[in-house]
Structures are given as C-alpha cells and as structure tokens.
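Colleague: everything below, folded, please.
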Amino acid sequence: MYKRKQILAGRGQESCFLWGARQTGKSTLLKHLFPDSPRYDLLLSDEYGRLRRRPALLREELLAEPPGNMPVVIDEVQKIPELLDEVQWLIVNHRVQFILCGSSARKLKRSGANLLGGRALRFELTPLVYPEIPAFDLRRALNNGLLPRHYAADKPLGLMEAYVGDYLREEIAAEALTRNIPAFSRFLESAAFSNGEILNYQNIASECGVSAPTVKQYFQILEDTLIACCVPSFQKRPKRRVIQAPRFYFFDVGLANFLLKRSSVVPRSENFGRAFEHFIYQELSAHSRYSGFHYPIAYWRTASQLEVDFILGDHQVAIEIKGTEQVVPHHLRGLKAFREEYKTKHSIIVSLDAKPRIVDGILILPWETFLQRLWAGELAR
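Modeller: Numbers count the residues shown, from 1 in each chain. Take a look at the predicted model:
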C-alpha cells in the first residue's frame with residue numbers, strides 16, 4: 001500500500017470534488033480514508049441504472065439513513081450529472097457532506113450540470129509521486145510510469161495496452177466527444193511525438209488528416225479528461241523575443257513511453273533525458289497542487305534557442321533538467337540568460353550528479369536531493 005498524500009486534509013467539513021485520470025487510485029484512496037461512509041459507485045451497472053432512472057433515490061435514501069458526520073462518496077459522478085441537483089439540496093438543507101469523485105468534469109460542463117455554485121472544493125489526484133513510494137526506483141518509474149498498478153508491475157505493457165484501449169472506448173466513444181475514432185487514434189500517436197515539445201497544431205493536423213481547429217479540440221479533450229496538460233510560455237516583460245506556443249505533456253511518463261513505442265529507458269540515452277524531464281515535471285505539477293501553493297509552471301525559450309525547462313511562480317524559481325551524470329558549463333547557458341532578464345530566488349539544475357554543488361550562483365542538485373527539498377517545502381512556495 002502506497003502512503004498517498006493527504007490531499008483531502010484541507011477540506012475540513014466541506015464537500016468536495018476529487019478529480020483524477022483513470023487508475024490514479026481515487027477509489028482506493030477514498031475506501032482507505034472513509035471505510036464506513038455511504039458509497040454510490042456509478043461504475044456498477046445496477047447502481048448506475050437505478051439512479052439514472054430516478055436521481056431522487058439519492059435524496060430519499062440519505063434522508064432515511066442520515067450519514068451523520070461521515071461524508072457520502074459518489075464515484076464517477078460525471079456519469080449522472082442530474083445527481084448534482086440532489087447533492088446541492090442535501091448540502092444546503094441538511095448539511096450532508098459529499099466527496100464527488102470522477103475522471104473528468106468535461107461531461108458535466110458540456111451538459112450544463114450544476115457544479116454546486118462554489119459549495120464544493122476541488123482537489124485532483126495525480127499518479128504516484130516520489131515521497132509516496134518506499135524505496136523509490138527511478139529507472140522503474142521512467143519505464144513503467146507512476147500509475148500505481150503500472151509502477152508495481154514487472155511487465156506493464158499489457159496494462160498500458162488495456163489502459164489506452166479503455167480510454168479510447170470510454171472517454172471518447174462512449175461520451176461521443178468525437179465520432180472519428182481512427183483520426184483520434186492517429187492524433188494520439190502524433191501527440192506523443194509532441195510530448196515535452198512545443199506544439200505546432202498545423203503540423204499535427206497535416207499528419208492526422210484533420211483540420212488545425214480539430215487538433216486544438218482534440219488537445220482540449222485530453223486536458224479536460226486529465227490525460228494531458230499544456231505548459232505555457234513565460235512571457236512577462238521579455239527583453240528577448242520568446243516562443244509563445246505551449247509545451248505539451250501527457251499526465252504520465254508511462255503513457256508517453258507506450259505511445260512512442262519506447263522499448264526501454266536507460267541512462268545515457270536520448271529517451272532517458274526526455275523521460276527524466278517528464279518525470280520531474282510530474283513531480284512539480286503534483287507538488288503545486290498538493291502543497292496548496294498552486295504556483296504556475298511555465299517554460300522559457302527564446303527565438304535564439306536559449307531555454308529553461310520550468311519557471312515556477314512569478315520567476316521565483318528557474319529549473320533546468322539534465323539527464324547527465326555531470327553538469328558542465330554549457331548546460332548553464334539557459335539559466336544564465338534567464339537571470340539576465342529576471343531575478344530568481346533559486347536557479348537550479350536537476351541532474352544525476354552525485355553531490356550538490358554551486359557553479360556561478362546556480363545550484364546543481366542530484367535528482368533525489370532536489371525532490372527531497374521540493375517536498376520538504378524548501379524550494380517552491
């Protein structure tokens with residue numbers, strides 16, 4: 001059992017939404033935290049069927065057997081948007097607490113569903129992160145990804161094949177977000193080649209045989225269903241001409257590996273460097289949410305190809321990722337150029353170096369030391 005971050009600790013007595021991509025461990029976490037809570041699992045066909053036909057059953061049952069101080073858990077709440085009217089009535093009139101769990105708010109938004117008018121907090125569960133895994137194995141994480149079942153598996157390929165297949169069927173076809181499944185499958189493969197890269201919608205559209213607006217819609221689908229995210233360009237008062245298009249990352253390095261058909265991620269390879277950067281981004285993104293700081297994450301690249309991988313907050317922290325065993329002077333160019341324009345509290349290179357060191361005011365940290373300091377709250381606030 002992984003020791004998951006207590007991301008719901010800040011909810012107090014408030015109701016909340018808990019979102020997260022499929023198989024991040026939402027249901028397992030809620031069963032562990034609230035073993036005695038009333039639970040409605042809408043993945044069960046009989047439960048789904050009776051509440052779909054008559055949403056008022058939720059209200060009638062909870063009035064008959066009030067949950068007291070325990071929250072009521074509704075799993076995959078997006079499958080029946082009409083339930084949210086009943087949920088709001090119970091919150092307002094009987095102070096019932098709910099934890100509303102799901103893999104995507106897209107269907108709720110598209111249907112114009114009641115999102116409880118600010119009466120529920122929002123939390124998001126990511127794949128596993130470094131402090132949640134005893135005896136963390138970097139090579140396993142970069143190869144398997146950090147979905148709980150996948151990280152633990154000796155042969156995760158079959159699990160990922162099923163995951164991608166289920167995603168296409170359930171999130172795209174079943175919700176009718178697109179009827180052109182072959183085009184979307186081609187898009188997923190093309191999007192994989194953009195993982196960690198700056199997006200060019202027109203090029204991807206040409207590869208997939210669809211229009212650029214359709215490609216933008218597909219990327220929005222991936223973001224709405226929490227399968228991917230875009231990292232914006234840092235553009236605050238630039239002195240140099242900077243690239244403005246966003247960079248793209250799948251939510252899990254294992255998914256990118258599968259779609260890119262990476263056979264193995266080993267040190268000193270190009271695949272290792274890309275997967276290592278992706279992994280550090282996952283940690284930063286999760287820390288931003290879990291810490292409660294919610295600091296923005298951007299990247300910086302000039303037209304002359306000077307680059308910093310991640311800028312945290314309002315340029316307080318600048319981070320470059322290098323999958324090398326020893327950082328050398330030319331690896332510092334991007335951070336030095338960024339510091340010529342912006343004052344940073346921390347300028348950091350995360351690498352495979354054996355020990356921390358400082359070169360020209362830039363802190364070089366072994367990846368494990370960096371993550372220990374990050375999760376201890378020493379770097380990003």
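Colleague: distance check, Leu44 against Phe17.
Modeller: Per Cβ to Cβ, to the nearest Å, Leu44 is found 20 Å from Phe17. Placement of C-beta: from N, CA and C, glycine included.
Colleague: most centrally placed residue in this protein?
Modeller: The residue lying closest to the centre of the chain (Cα atoms, centre = their mean) is Phe251, at 4.5 Å.
Colleague: got the domain ranges for the protein?
Modeller: The chain breaks down into these domains under automatic domain parsing: 9-124, 130-375.
Colleague: now the strands for this structure?
Modeller: 15-19, 39-41, 72-75, 98-102, 120-124, 228-231, 247-250, 297-301, 307-312, 317-321, 346-351, 357-359, 362-366 (DSSP state E).
Colleague: would you mind pulling up the elements that the last one packs against?
Modeller: Read it as strand 362-366. Under the contact criterion of 3 or more Cβ pairs under 8 Å, 6 or more residues apart in numbering; DSSP states H and E, strand 362-366 touches strand 346-351, strand 357-359.
Colleague: what do you get for the fifth one?
Modeller: Applying 3+ Cβ pairs under 8 Å, 6+ apart, we find strand 120-124 packed against strand 15-19.
Colleague: again with the third one
Modeller: Contact here means 3+ Cβ pairs under 8 Å, 6+ apart; on that basis strand 72-75 packs against helix 26-33, strand 39-41, strand 98-102.
Colleague: distance from that strand to the middle of the chain?
Modeller: Relative to the chain's own centre, strand 72-75 is displaced by 22 Å; criterion: Cα atoms, centre = their mean, to the nearest Å.
Colleague: what do you get for the last one?
Modeller: For strand 362-366, the gap between its own C-alpha mean and the chain's C-alpha mean amounts to 26 Å (Cα atoms, centre = their mean).
Colleague: may I have it as CSV, with CA atoms only?
Modeller: The C-alpha trace of strand 362-366 is given here as CSV (Å, rounded to 0.1, in the frame of the first residue of the first chain):
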residue,chain,number,x,y,z
ILE,A,362,23.5,28.1,-10.0
LEU,A,363,22.6,25.2,-7.7
ILE,A,364,23.2,21.8,-9.2
LEU,A,365,21.2,19.1,-7.3
PRO,A,366,21.1,15.4,-7.7
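Colleague: in that strand, what counts as buried?
Modeller: Within strand 362-366, the residues that count as buried by 16 or more other Cβ atoms under 10 Å are Ile362, Leu363, Ile364, Leu365, Pro366.
Colleague: kindly report the same for the first one.
Modeller: Within strand 15-19, the residues that count as buried by 16+ other Cβ under 10 Å are Ser15, Cys16, Phe17, Leu18, Trp19.
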